[in-house]
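Undergrad: curious how this folds, go ahead:
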Amino acid sequence: MSSVLKQTFLMIRINLGSLPRRLWISLSMVLSVALVVAVLAGFLAMARGFETALAGAGSPGIAVILGGGTNQEIGSDVPAEAIRSLAAMTGDIGVVRDGAGGLALSREIVVPVDVVRQVDGAEQTLSLRGMDPLGPGLRDRAALSQGRLFSQGAREIVVGARIADEFSGFAVGDRVRLGPVEWTVVGHFTSGGSAFESEIWADLEAVQSAFDRLGQVQSLRVRLDGRGDPALPLTTLRARLSAVPGAPLTSVSEADLYAGQAERTESLIRLFGWPIALLMAVGATAGALNTMMSSVSDRTVEIATLRMIGFARVPAFAATWVEAVLLSSVGAVVGILASRLAFDGWRASTMGANNTKMAFQLDVTSDVVLTAGLLGLAIGIVGGALPALAATRLPLRGALQARG
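TA: Next up is the predicted model:
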């Protein structure tokens with residue numbers, strides 16, 4: 001082992017051994033780094049959880065047909081004439097047909113409804129989705145957890161698991177007022193934690209009648225013919241839709257529809273999270289700089305003595321820098337553990353694409369941990385560099401005389 005390397009290890013041991021003399025200022029650096037890491041991890045976990053909730057809702061085997069030139073259900077309108085023209089098409093249109101040869105589709109509409117949360121009296125806007133009887137079967141991950149599905153034409157609702165957990169009055173058998181009429185809760189459903197669990201499902205005609213929207217359809221859901229190339233059915237469907245007279249119809253896979261929604265909101269969350277975390281990181285870096293300058297000042301005699309007996313500049317630099325990196329690493333670990341305890345699995349909610357509440361769980365994933373941890377480590381690397389350089393430039397005789 002080279003003499004420089006031996007000197008470096010020895011100076012690192014001396015530095016770390018002197019930490020008890022600088023315990024409180026060292027702890028302040030650890031805690032400031034931990035706070036930065038925890039805050040960034042919280043924002044990233046929020047973005048990741050929202051993305052997971054929406055990604056879980058979308059299936060590449062389901063297509064959503066929209067009208068009016070929009071790529072979102074809100075603002076879309078699919079005319080009855082267009083639906084009849086689509087249903088009358090013969091031949092291959094890229095969509096699965098039922099046993100009678102008709103298209104297996106669900107006409108759907110989303111209506112925002114206000115519900116008062118019993119716990120705090122806060123009013124929340126939820127999505128009431130009216131759909132045809134085939135609608136629930138076109139949600140690949142959805143499954144009844146209690147009760148049964150709604151009956152056609154009846155004012156009955158099936159409630160997502162997240163709504164059933166958060167709001168009272170949605171137990172199976174309860175009656176709840178949504179809009180101008182009362183509805184009977186006949187079932188609960190789960191969907192693997194996806195965005196569907198933040199919806200309420202009911203029969204299309206019952207919703208149209210209750211909210212004076214007779215004949216209105218915002219979207220059609222169809223199952224794509226999955227044989228052969230998975231992209232071919234959607235391409236075929238789009239080509240056939242272009243031949244439908246009247247208002248233009250567009251089709252997008254359900255996976256792409258929800259991925260687009262997730263990307264926009266996830267970008268917004270990151271847009272707020274990163275600047276806040278970086279501003280805090282600047283403050284933490286200044287704190288690390290102050291801590292390590294104090295460390296160098298406290299060990300002036302030790303560093304000067306070692307330099308006088310032949311220790312090189314590199315070990316002095318490396319020892320101080322390693323101390324800063326180790327302290328920031330401890331802070332990063334503390335911040336990551338705190339974020340896991342505080343945020344992982346924590347339920348949050350935001351406004352979804354239909355201007356209604358969508359619940360999701362924060363998810364502290366490995367990439368969240370890595371990103372936040374690297375920022376914490378960078379604080380020590382940057383904040384320790386200048387004090388480490390100062391340690392190599394101490395005026396040796398003056399340092400010894402000042403303390404001697």
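Undergrad: show me where the chain has its helices.
TA: Residue ranges of the helices in the chain, as given by DSSP state H, are 3-17, 23-57, 80-87, 161-166, 204-210, 232-241, 254-298, 300-308, 313-343, 366-392, 396-403.
Undergrad: can I get those in TSV including mean neighbour count, distance to Gly101 and mean pLDDT?
TA: For glycine as for every other residue, the C-beta is placed from the backbone atoms N, C-alpha and C. Below are the helices of the chain laid out as TSV (neighbours: other Cβ atoms under 10 Å; distance: least, Cβ to Cβ, whole Å; pLDDT from 0 to 100):
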stretch	mean neighbour count	distance to Gly101	mean pLDDT
helix 3-17	15	78	75
helix 23-57	23	30	82
helix 80-87	16	11	86
helix 161-166	20	36	83
helix 204-210	20	22	94
helix 232-241	18	16	86
helix 254-298	18	24	76
helix 300-308	18	87	65
helix 313-343	21	51	86
helix 366-392	20	47	84
helix 396-403	13	93	48
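Undergrad: so for Arg139, which of those helices sits nearest?
TA: With respect to Arg139, and counting by Cβ to Cβ, the nearest of these is helix 23-57 at 8.0 Å.
Undergrad: can you name the residues bridging to the closest residue in space to Val207 that isn't next to it in sequence?
TA: In space, and not counting its chain neighbours, Val207 is closest to Gly130: 3.0 Å by Cβ to Cβ, 6 or more residues apart in numbering. Counting by DSSP bridges, Gly130 is bridged to Ile109, Ala202.
Undergrad: from Trp274, how far off is Gly130?
TA: Distance, Gly130 to Trp274, using Cβ to Cβ, to the nearest Å: 40 Å.
Undergrad: quick one: residues contacting Ala388.
TA: If you count contacts by Cβ atoms under 8 Å, 6 or more residues apart in numbering, Ala388 has them with 292, 316-321, 324.
Undergrad: next: Ser295.
TA: Ser295 is in contact with 15, 18, 22, 26, 320, 323, 387, counting by Cβ under 8 Å, 6+ apart.
Undergrad: might you report the residue contacts of the last one?
TA: For Pro387, the contacting residues are 289, 292-293, 295-296, 320, 324, taking Cβ under 8 Å, 6+ apart as the criterion.
Undergrad: now it: how far from Met280?
TA: Where Met280 is concerned, Pro387 sits at a distance of 21 Å (Cβ to Cβ).
Undergrad: cool, the third one as well?
TA: Remark: distance between Arg22 and Met280 (Cβ to Cβ) = 23 Å.
Undergrad: coming back round to it: out of the contacts of Ala388, who's nearest Asp225?
TA: Ala324 (60.7 Å).
Undergrad: leaving out chain neighbours, which residue sits closest to that closest one?
TA: Ranked by Cβ to Cβ, 6+ apart and with sequence neighbours excluded, the top spatial neighbour of Ala324 is Gly384, at 2.4 Å.
Undergrad: what's the most distant pair in the contacts of Ser295?
TA: Once Cβ to Cβ is applied, those give Ser18 and Pro387 as the farthest pair, at 14.1 Å.
Undergrad: so, low pLDDT: which residues of the stretch 51-200 of the chain?
TA: 54-57, 117-122 (pLDDT under 70).
Undergrad: what are the boundaries of the strands in it?
TA: Taking DSSP state E, counting those that start in this stretch as the test, the strands found in the stretch 51-200 of the chain are 62-67, 105-116, 123-131, 143-147, 156-160, 175-178, 181-190, 199-203.
Undergrad: residues near Asp92, how many?
TA: The local packing of Asp92 (other Cβ atoms under 10 Å) involves 13 other residues.
Undergrad: what's near enough to touch the spatially closest residue to it that is not a sequence neighbour?
TA: With Cβ to Cβ, 6+ apart as the criterion, Asp92 has its nearest non-adjacent residue at 6.3 Å, and that residue is Thr236. Counting by Cβ under 8 Å, 6+ apart, Thr236 makes contact with 92-94.
Undergrad: could those residues go into JSON lines alongside distance to Arg223?
TA: Shown next, in JSON lines, are the contacts of Thr236 (distance: Cβ to Cβ, whole Å):
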{"residue": "Asp92", "distance to Arg223": "14"}
{"residue": "Ile93", "distance to Arg223": "12"}
{"residue": "Gly94", "distance to Arg223": "10"}
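Undergrad: list just the nearest of those to Ile83.
TA: Ile93 (13.4 Å).
Undergrad: can you list the domain ranges for this structure.
TA: Domain assignment for the chain by the TED database gives 4-56+261-402, 62-255.
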